[in-house]
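>>> Below are the sequence and a predicted model; questions follow.
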Amino acid sequence: MAEVLCISFPLAVSISMRTESIRYQVPSHWLSGLINHDYSGLEPEDSAQLTAFAQGEIGGARKQGRSLIGIECADDSYFMTHHDGRPYGCVACDVTDCEFVFRID
């Protein structure tokens, strides 16, 4: 019979980091591109708007010493004329509340 070597690892490692959350009203049709990097369902104009949003909001946070570590989105969406995608060219549409979590470097 073979000998089995057991190695024990800690079940959880506590890492202390400072975080900041920012809530955005994100156009719902952007979510697959934003979360899964799947732009296949987006029209070229929508893809360009999402890219501009990511560069403006996430890139802007990066310049301030913050790194995106997670996005959590609500399960439901609702119609809005003015939302966080509007400055990037996205007009009135269904939006989803998403919380972007940034690590403060």
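All right, it came through fine.
>>> Every contact and neighbour count from this point should use C-alpha atoms.
Fine.
>>> What's the end-to-end length of stretch 83-99?
End-to-end span of stretch 83-99 (CA to CA, to the nearest Å): 14 Å.
>>> Now do the phi/psi pair for P44.
The phi/psi pair for P44 (degrees, to the nearest 10) reads phi -50, psi -40.
>>> cool, and the one 4 residues further on?
Listed backbone geometry of A48 is phi -70, psi -40, with angles given as degrees, to the nearest 10.
>>> what's the answer for F79, then?
When read as degrees, to the nearest 10, the backbone of F79 gives phi -80, psi 130.
>>> Which element, helix or strand, includes the closest residue in space to it that isn't next to it in sequence?
The spatially closest residue to F79, leaving aside those adjacent along the chain, is D94, at 4.1 Å (CA to CA, 6 or more residues apart in numbering). Assigning secondary structure by DSSP states H and E places D94 in strand 93-104.
>>> Run through the helices of this protein in chain order.
According to DSSP state H, the chain carries its helices in the segments 31-36, 44-53, 59-63.
>>> Tabulate the ones you listed (CSV), appending mean neighbour count.
As requested, the helices of the chain are arranged in CSV below (neighbours: other CA atoms under 10 Å):
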stretch, mean neighbour count
helix 31-36, 14
helix 44-53, 17
helix 59-63, 14
